[in-house]
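[1] Predicted coordinates and the sequence they were generated for:
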Amino acid sequence: MAIRCYIPTTLSALEAGVGTGCAVAPDAHGRGLRGEEGEEREFDALCIAAALAAAESLQAGDPAGAGASPRAVVAYDAPESSPRDGLTAGFELIRLETVDPTAMVSIHVDEPEVWDRAVALAGTEGHEAAEDHLGDSDLLWYDITELPELLRR
């Protein structure tokens, strides 16, 4: 059985290919939840990964946010045997020694206007303001088969 987890990354990193890294997943109890509770726990894991991706991307650019690549989160089915550590109450950090492209399920990215506004905020008000702005927005969902098209944009 696989563990559905969420890999925080950026569009630039996806272009280079995801080789190793860490992902966020509900803990064993959360993975056992069904219905709305289970969906909420999965969504929360996605949101945590999105926040990590935002911090990584904005800090990779210059202090004004220029050069930062839009954040992305990859939904991924990791092997049950993947090493994991506690992250925060109810969630684990899954250590991915390799990322099998065939186990990638979907990609979640910011709307271009939302990302552009975050970069502008990073330049005028700092990274925290930009991350807050991104935290208030939803990510767009793409099937994994749409990755080549997404990267061409």
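    Great, that's in hand.
[2] Distance from the chain centre to the strand or helix carrying F43, please.
    Taking DSSP states H and E as the criterion, F43 maps to helix 35-60. The chain centroid and the centroid of helix 35-60 are separated by 6 Å, computed with CA atoms, centre = their mean, to the nearest Å.
[3] Which elements pack onto it?
    Here helix 35-60 touches strand 2-10, strand 21-26, helix 28-31, strand 71-79, strand 91-96, helix 112-125, helix 127-135, going by 3 or more CB pairs under 8 Å, 6 or more residues apart in numbering; DSSP states H and E. C-beta coordinates here come from the backbone N, C-alpha and C atoms, glycine included.
[4] Adding mean neighbour count, write these out as a markdown table.
    Listed next are the helices and strands packed on helix 35-60 as a markdown table, based on neighbours: other CB atoms under 10 Å:
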| stretch | mean neighbour count |
| --- | --- |
| strand 2-10 | 22 |
| strand 21-26 | 23 |
| helix 28-31 | 14 |
| strand 71-79 | 23 |
| strand 91-96 | 20 |
| helix 112-125 | 17 |
| helix 127-135 | 18 |
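[5] For E146, which of those is the nearest?
    Closest approach to E146 among the helices and strands packed on helix 35-60 is made by strand 71-79 (12.1 Å; CB to CB).
[6] hang on, the earlier thing: now distance to L52 and mean pLDDT too, for the helices and strands packed on helix 35-60, in a markdown table please.
    Output for the helices and strands packed on helix 35-60, formatted as a markdown table (distance: least, CB to CB, whole Å; pLDDT from 0 to 100):
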| stretch | distance to L52 | mean pLDDT |
| --- | --- | --- |
| strand 2-10 | 4 | 93 |
| strand 21-26 | 7 | 94 |
| helix 28-31 | 18 | 91 |
| strand 71-79 | 9 | 94 |
| strand 91-96 | 10 | 95 |
| helix 112-125 | 15 | 89 |
| helix 127-135 | 10 | 87 |
